[in-house]
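Peer 1: Structure of the sequence below:
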Amino acid sequence: MVIGVVTARLHLPESQSLKDKRHVIRSLKDRALSRMNVSVAEVGDQDKWQVAEMAFVTVGANSEIVQSRIADISKFVRADPRYVLLDLRTEMI
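Peer 2: Numbers count the residues shown, from 1 in each chain. Okay, the predicted model is just below:
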């Protein structure tokens, strides 16, 4: 069993409140779940309304499958114009 973790730090320049931030984050989580079937959580900066830290986790039988999913997650996170990607880290366990 191999576990892949992608951690993304995002800047939401259009967000003017925590409610605005939650709307974007909820949309991101829902789309990630439906398209890639990965676990998603906001793991940092929960009290800041223009910054978010998200973690995406996937599990697979071998490293090739997990690496492919990590690449898909990375492309997915980079594609959304509602935020600016500040940092993206990947890890395999």
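
Peer 1: Just give the nearest non-adjacent residue to Glu53, would you?
Peer 2: Nearest non-adjacent residue to Glu53, counting by C-beta to C-beta, 6 or more residues apart in numbering: Gly44, 3.2 Å away. All C-beta spots, glycine's among them, are computed from the backbone N, C-alpha and C.

Peer 1: Surely the one you found is in contact with Leu86?
Peer 2: No. Applying C-beta atoms under 8 Å as the test, Gly44 and Leu86 come out as separate, 11.6 Å apart.

Peer 1: where do the contact lists of those two overlap?
Peer 2: Residues touching both Gly44 and Leu86 (C-beta atoms under 8 Å, 6 or more residues apart in numbering): Arg9.

Peer 1: about what we covered before: what sits against the residue nearest to Glu53?
Peer 2: Contacts for Gly44 (C-beta under 8 Å, 6+ apart) come out as Arg9, Ala52, Glu53.

Peer 1: Could you do Val57 as well?
Peer 2: Each residue near Val57 by C-beta under 8 Å, 6+ apart is listed here: Ile3, Gly4, Val5, Val6, Val38, Ser39, Val40.

Peer 1: how about 10 Å then?
Peer 2: Neighbour list for Val57: 3-7, 38-41, 69, 73, 91, 93 [criterion: C-beta atoms under 10 Å, 6 or more residues apart in numbering].

Peer 1: The contacts of Gly44 in helices, which ones?
Peer 2: Using DSSP state H, no member of the contacts of Gly44 sits in helices.

Peer 1: Check which helix or strand Arg26 maps to.
Peer 2: helix 18-36 (DSSP states H and E).

Peer 1: Likewise for Ala41?
Peer 2: Element membership for Ala41, per DSSP H and E: strand 39-44.
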